[in-house]
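> Fold the following for me, if possible:
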Amino acid sequence: MNLVADKNLGYSLPSRQAKKNTPSGVLFPMSSKDTVALGQLLELLESRYAIRVLWALRDGHAQTFRLLQDSVGGITPNTLNTRIKELREAVLLTHLGEGYVLTASGADLIKRLSDLPSFAHKWASAQSKKTKLA
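Just a heads-up that it's a prediction; the model follows:
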């Protein structure tokens, strides 16, 4: 998916013609392999609690299953087992003797997502203002 800056909309998916006419406007030029990889990663992260499991491990300290379940909050043991299995298969987390930790890839992903809290705050504030105006 290629995103193009648009003054009015922020970012939009360009038409084929727009792609040809505005190469400098393409923010994230992606090959078809990149698009597939992104789709696979997003599919994994869209799984219920997947990002929360990774986020709970962001401090680098190993967590036992029970501690991880408490850190995530509201996740059933069955769901946590499933997410751990998927995230281990994706090499985003692993289990050491003392508990679960992020792999280098998992830590890199969390580092790249570290701007989310700041964005979420700004976004929620804008949503609140929008609601008050309505």
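
> From now on I want contacts and neighbour counts done on CA atoms only, so please keep to that.
OK.

> Dump the helix or strand encompassing residue 81 to CSV, restricted to CA.
Using DSSP states H and E, residue 81 falls within helix 77-89. Below are the C-alpha coordinates for helix 77-89, written out as CSV (Å, rounded to 0.1, in the frame of the first residue of the first chain):
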residue,chain,number,x,y,z
PRO,A,77,-4.9,-18.4,30.1
ASN,A,78,-6.1,-20.0,26.9
THR,A,79,-5.9,-16.8,24.9
LEU,A,80,-2.5,-15.9,26.4
ASN,A,81,-1.2,-19.4,25.5
THR,A,82,-2.4,-18.9,21.9
ARG,A,83,-0.8,-15.4,21.6
ILE,A,84,2.5,-16.6,23.1
LYS,A,85,2.6,-19.5,20.6
GLU,A,86,1.9,-17.1,17.7
LEU,A,87,4.4,-14.5,18.9
ARG,A,88,7.1,-17.2,19.5
GLU,A,89,6.5,-18.6,16.0
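
> Could you list every helix and strand that it packs against?
Judged by 3 or more C-alpha pairs under 8 Å, 6 or more residues apart in numbering; DSSP states H and E, helix 77-89 is in contact with helix 50-56, strand 93-96.

> What average pLDDT does the helix or strand just after the first one get?
Per DSSP H and E, helix 50-56 leads on to helix 65-72 as the next helix or strand towards the C-terminus. Taken as a whole, helix 65-72 has an average pLDDT of 97.

> Buried residues in helix 65-72, which are they?
For helix 65-72, a neighbour-count test (16 or more other C-alpha atoms under 10 Å) marks 65, 68-69, 71-72 as buried.

> Could you do stretch 40-59 as well?
44-45, 49-58.

> Check the average confidence over it, would you?
pLDDT averaged over stretch 40-59 gives 94.

> Need the residues that contact it.
Surrounding stretch 40-59, the residues in contact under the criterion C-alpha atoms under 8 Å, 6 or more residues apart in numbering are 63, 68, 71-72, 75, 80, 83, 86-87, 92-93, 100-102, 106-107, 110.

> what's the first-to-last distance across that stretch?
End-to-end distance for stretch 40-59: 25 Å, by C-alpha to C-alpha, to the nearest Å.
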